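Asker: Sequence plus predicted model, see below.
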Amino acid sequence: MLTTNDIIKEGHPTLRVVAKEVILPATEEEKEILSEMMGYLKNSQDPEVSAQYKLRPGVGLAAPQIDVPKRMIAVHVADEAGKQYSYALFNPKIVSHSVEQSYLTIGEGCLSVERDVPGIVPRYARVTVKGTTLDGEEVKLRLKGFVAIVFQHEIDHLNGIMFYDHINPQDPFQAPQNAIPVER
Ligand code: K2U
Ligand code: NI
């Protein structure tokens, strides 16, 4: 099983590469890796397992974070209404997005960043994401709120972007004009 030790930390070059498309159908090895990524998220959200293996809780994970520069992400998160989103996707892509922006009022963290980086991370308020599941099916997801923020954070990892790249260095707490604050 994946543990927090398998997650590379900032400074590791793989966090800054543009990850490669997965040639579909995915190989058994690629499916295994993506399943393990989803397993980490579920384990990290289980109080017993995460305590036993000292797992840092995560709602999303991108393959570059385990030193696999391929376009694969896992997201396991409940939205504001408690609806569970659990998606392990090959080649996720934001195919459209709102002009309107949003941001997580408490700021963002990252399993690859072992320090607090305070500040507002502007995101698109709504995104439509396409990707291919472990079963080889193409899905199209229309997302908003916290779940949309998580998907954008993970897809950024596939492009070598860290959440703090979006924070305004002049005024880290400046909320973008007309942006929707997302509480967590
Ligand atoms: O990619 C990662 O490093 C996992 C990130 C995902 C994240 C998405 C959106 C905003 C912040 C972080 C986190 O480590 S998951 C940890 C976490 C758990 C619950 C709520 C917020 C963040
Ligand atoms: Ni991250």
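Answerer: Now that the structure is in, tell me what you want to look at. All values derive from a computational prediction rather than experimental measurement. Ligands and ions are numbered 1, 2, ... in the order given.
Asker: In the protein, spot the helix with the most residues.
Answerer: helix 28-44 (DSSP state H).
Asker: residues of that helix that come out buried?
Answerer: By 16 or more other Cβ atoms under 10 Å, the buried positions in helix 28-44 come out as E30, K31, I33, L34, E36, M37, M38, G39, Y40, L41, N43, S44. No exception for glycine: its C-beta is placed from N, CA and C like everyone else's.
Asker: same question, stretch 59-73
Answerer: Using 16+ other Cβ under 10 Å as the test for burial, stretch 59-73 gives 59-66, 68-73.
Asker: Likewise for stretch 150-167?
Answerer: 150-158, 160-164, 166-167.
Asker: From those, pick the one nearest A26.
Answerer: Nearest to A26 out of these is L158 (Cβ to Cβ; 15.1 Å).
Asker: Surely that closest one is in contact with Q65?
Answerer: No: look at L158 against Q65 with Cβ atoms under 8 Å: they stay out of range, at 10.1 Å.
Asker: one step back: most widely separated two among the buried residues of stretch 59-73?
Answerer: V59 and P69 (21.8 Å).
Asker: For the longest strand along the chain, give me every contacting residue.
Answerer: The longest strand of the chain (DSSP state E) is strand 84-97. The contact list for strand 84-97 (Cβ atoms under 8 Å, 6 or more residues apart in numbering) reads 21-22, 24, 26, 30, 34-35, 37-38, 71-79, 124, 126-134, 139-141, 143, 147, 151-152, 154-155, 158.
Asker: filter these down to the ones near ligand 1?
Answerer: E154 (Cβ under 6 Å from any ligand atom).
Asker: Sitting in strands, which of the contacts of strand 84-97 do you find?
Answerer: Per DSSP E, the subset of the contacts of strand 84-97 in strands is 72-78, 124, 126-132, 139-141, 143.
Asker: thinking again about what came up before, reformat the buried residues of stretch 59-73 as JSON lines; add pLDDT and secondary structure.
Answerer: Below are the buried residues of stretch 59-73 laid out as JSON lines (pLDDT from 0 to 100; DSSP: H, G, I helix; E, B strand; the rest coil):
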{"residue": "V59", "pLDDT": "98", "secondary structure": "coil"}
{"residue": "G60", "pLDDT": "98", "secondary structure": "strand"}
{"residue": "L61", "pLDDT": "98", "secondary structure": "strand"}
{"residue": "A62", "pLDDT": "99", "secondary structure": "strand"}
{"residue": "A63", "pLDDT": "99", "secondary structure": "helix"}
{"residue": "P64", "pLDDT": "98", "secondary structure": "helix"}
{"residue": "Q65", "pLDDT": "98", "secondary structure": "helix"}
{"residue": "I66", "pLDDT": "98", "secondary structure": "helix"}
{"residue": "V68", "pLDDT": "98", "secondary structure": "coil"}
{"residue": "P69", "pLDDT": "98", "secondary structure": "coil"}
{"residue": "K70", "pLDDT": "99", "secondary structure": "strand"}
{"residue": "R71", "pLDDT": "99", "secondary structure": "coil"}
{"residue": "M72", "pLDDT": "98", "secondary structure": "strand"}
{"residue": "I73", "pLDDT": "99", "secondary structure": "strand"}
